[in-house]
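Colleague: Based on what follows, work out the 3D shape:
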Amino acid sequence: MNTVVAGVVRTASRYRWTVCALLFFATVINYMDRQILGLLAPMLQHDIGWTQVQYGRIVIAFSAFYAVGLLCFGRIVDWLGTRISYALAMFVWSIAAMLHAAVGSVMGFAMVRALLGIGEGGNFPAAIKTTAEWFPRRERALATGIFNSGANIGAVFAPALIPAIAVAFGWRAAFVIVGAIGLVWLVVWFFMYRQPDGSAHEDDLANEGDETRAADAAHAKAGAPGFKVLIKKRETWAFIVGKFLTDPVWWFYLFWLPKWLNESRGMDMQHIGLPLVVIYAITTVGSIGGGWISSALLRAGWTVNAARKTAMLICACAVLPIAFVSQADNLWVAVAIVGLAAAAHQGWSANLFTTASDLFPRRAVGAVVGIGGMAGSIGGVLFSEVIGQVLQRTGHYWVLFAIGASAYLIAFAIMHMLTPKMTPAKLEA
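Modeller: Numbers count the residues shown, from 1 in each chain. Okay, the predicted model is just below:
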């Protein structure tokens, strides 16, 4: 009997890393589809003739509807489960990515970016909930760091492939080809992924060391808690603050770095790819490394509170040098500084996402991630307007990098005040 049990647990153990691989590739696709616009912005600006402010507002269209998508999919994931909700999200955003090829105006791009935002809003609520379902607490930050590094891999592949496709076949072909990759993933997802079967062995593995397990057991029939319940919790607000203050910085890197290299460093479409590849390759190390730090500290016997916050503080401090990137005369020194900041963001993000499953039972994780993600998107909307106005009026990026440098320490301080011991939230219903 014990041999059988051990065999089941080992099988579940192996399968959870297959699940992590599926999440990783979904996130790669998510960020390739998201980044196409930024990479092709110089070409599209020439063809369509939009201004800095108009481009900023196209970015805002994505950000605003991404907020809607996060909020909606946060509940959809908790209601329908990860298998169906993830597939729905992938289908919507892949079709939206391909539809970019059918438009040719500022309004048209704003509309398809809005649809893309709604679909992409499902990625992280579904991925974080899937991780909470399959991984024990001591491994969740590492697993999150691994799948979240898909953002960086997507950002590496995108500048390596998309400008070349656009130069050879036109920008419309780039949108169609990259968008179609998501439909391939969709077939693989349905073929390979299954929900946890609820067996005692899988349940024990996923809940190892998890203080929220009792809350899940006590309210097993209550279903997902409503937004009114969650929004009253200090723990929810800690996650909201972390996302609101730091997500916009990452979006600044994602959507504006190609333009920064083009406008401040004089790089054209044929030469812009290599610096971006280097930046996002560095970022991959930060995503996995940030998750590894807190997981290693937990294995060493640290508390969840100490492990997560130590990792996040390290990342917040590593961002600071980017305040001086505009003073770097050498291109590769500037690239290294930006790469360090972007890597630190992803390490921060891996731990921030994991706090949702640290502080809330699994039945609430999707909704909490959706609420926090919506806050991050709102921050992105506000910051995108600031970016557009600053660049339209001054043409200088330094103040934007300075804002990005300070955001993480401010967020860390507020989160610590809201959750000084990271005690799991008590949900009445």
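Colleague: Using CSV, write out every CA atom in stretch 391-400.
Modeller: Provided in CSV are the C-alpha atoms of stretch 391-400 (Å, rounded to 0.1, in the frame of the first residue of the first chain):
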residue,chain,number,x,y,z
LEU,A,391,7.9,62.8,-24.1
GLN,A,392,5.7,65.0,-26.2
ARG,A,393,6.6,68.1,-24.2
THR,A,394,10.3,67.4,-23.3
GLY,A,395,11.5,64.4,-25.3
HIS,A,396,13.5,63.3,-22.2
TYR,A,397,13.2,59.9,-20.6
TRP,A,398,15.3,60.5,-17.4
VAL,A,399,12.3,61.5,-15.2
LEU,A,400,10.5,58.3,-16.2
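Colleague: residues in contact with that stretch?
Modeller: Residues outside stretch 391-400 that contact it (CB atoms under 8 Å, 6 or more residues apart in numbering): 51-53, 56, 252, 256, 260, 263-264, 326-327, 386-387, 390. (Each C-beta comes from the backbone N, C-alpha and C, glycine too.)
Colleague: what do you get for stretch 280-294?
Modeller: 141-146, 148-149, 151-153, 155-156, 159, 307-308, 310-311, 314-315, 318, 336, 339-340, 342-351, 354.
Colleague: List buried members of the contacts of stretch 391-400 by neighbour count.
Modeller: Q52, G56, F252, W256, W260, S326, V386, I387, V390 (16 or more other CB atoms under 10 Å).
Colleague: Just the buried residues from the contacts of stretch 280-294, in ChimeraX please.
Modeller: The ChimeraX selection below is limited to those of the contacts of stretch 280-294 classed as buried (16+ other CB under 10 Å):
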select :141,142,143,144,145,146,148,149,151,152,153,155,156,159,307,308,311,314,315,318,336,339,340,342,343,344,345,346,347,348,349,350,351,354
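Colleague: Of the contacts of stretch 280-294, which belong to helices?
Modeller: In helices, defined here by DSSP state H, the members of these are 141-146, 148-149, 151-153, 155-156, 159, 307-308, 310-311, 314-315, 318, 336, 339-340, 342-351, 354.
Colleague: H345 and I282, how far apart?
Modeller: 11 Å (CB to CB, to the nearest Å).
Colleague: How about C315?
Modeller: C315 is 13 Å from I282, by CB to CB.
Colleague: just A61 next, same as before
Modeller: 30 Å.
Colleague: Skip the chain neighbours and tell me the closest residue to A61.
Modeller: A110 (4.1 Å; CB to CB, 6 or more residues apart in numbering).
Colleague: who touches that neighbour in this structure?
Modeller: Residues counted as contacts of A110 (CB under 8 Å, 6+ apart) are R57, I58, A61.
Colleague: Same check on V381?
Modeller: So V381 contacts I60, S63, A64, A67 (CB under 8 Å, 6+ apart).
Colleague: one more time with 10 Å, if that's ok
Modeller: 56-57, 59-67, 248, 251 (CB atoms under 10 Å, 6 or more residues apart in numbering).
Colleague: From I272, how far out is it?
Modeller: From V381 across to I272, the span is 26 Å (CB to CB).
Colleague: What score does M1 have for pLDDT?
Modeller: What the model reports as pLDDT for M1 is 41.
Colleague: that older thread, format the contacts of stretch 391-400 as TSV; extra columns: pLDDT and distance to L400.
Modeller: As requested, these are exported to TSV (pLDDT from 0 to 100; distance: CB to CB, whole Å):
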residue	pLDDT	distance to L400
T51	77	17
Q52	72	12
V53	78	15
G56	77	12
F252	89	6
W256	82	8
W260	85	9
E263	80	12
S264	79	11
S326	86	9
Q327	88	14
V386	88	8
I387	87	6
V390	87	6
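Colleague: In helices, which of those residues appear?
Modeller: Q52, V53, G56, F252, W256, W260, E263, S264, V386, I387, V390.
Colleague: Go ahead and confirm L99 touches D33.
Modeller: No: L99 is not in contact with D33 according to CB atoms under 10 Å; the separation is 11.2 Å.
Colleague: Next, show the common contact partners of the two.
Modeller: Both L99 and D33 are contacted by L116, F175, G179, under the criterion CB under 10 Å, 6+ apart.
Colleague: Count the neighbours of the second one for me.
Modeller: Taking other CB atoms under 10 Å as the criterion, the count of residues near F175 is 26.
Colleague: What of the last one?
Modeller: As a burial measure, the neighbour count of G179 was computed by other CB under 10 Å and equals 23.
Colleague: State the helix or strand in which it lies.
Modeller: helix 171-192 (DSSP states H and E).
Colleague: How about that helix, which residues are buried there?
Modeller: Buried residues in helix 171-192 (16+ other CB under 10 Å): W171, A174, F175, V176, I177, V178, G179, I181, G182, W185, L186, W189.
Colleague: coming back round to it: point out the ones among the contacts of V381 that are inside helices.
Modeller: Filtering those for helices - DSSP H - leaves 56-57, 59-67, 248, 251.
Colleague: Where does confidence bottom out across these?
Modeller: Out of the ones in helices among the contacts of V381, that is G56, at 77.
Colleague: if we can go back for a sec, with distance to G289 as extra columns, can I get the contacts of V381 in a markdown table?
Modeller: What follows is the contacts of V381, written out as a markdown table (distance: CB to CB, whole Å):
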| residue | distance to G289 |
| --- | --- |
| G56 | 32 |
| R57 | 36 |
| V59 | 29 |
| I60 | 32 |
| A61 | 34 |
| F62 | 29 |
| S63 | 28 |
| A64 | 32 |
| F65 | 32 |
| Y66 | 27 |
| A67 | 29 |
| P248 | 23 |
| W251 | 22 |
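Colleague: joint contacts of C315 and I282?
Modeller: With CB under 10 Å, 6+ apart, C315 and I282 have common neighbours A341, A343, A344, Q346.
Colleague: returning to what we had before: which one of the contacts of A110 sits in the busiest neighbourhood?
Modeller: I58 (26 neighbours).
Colleague: Quick check, that one in contact with F65.
Modeller: No: checked against CB under 10 Å, the pair I58 and F65 is beyond contact range at 11.6 Å.
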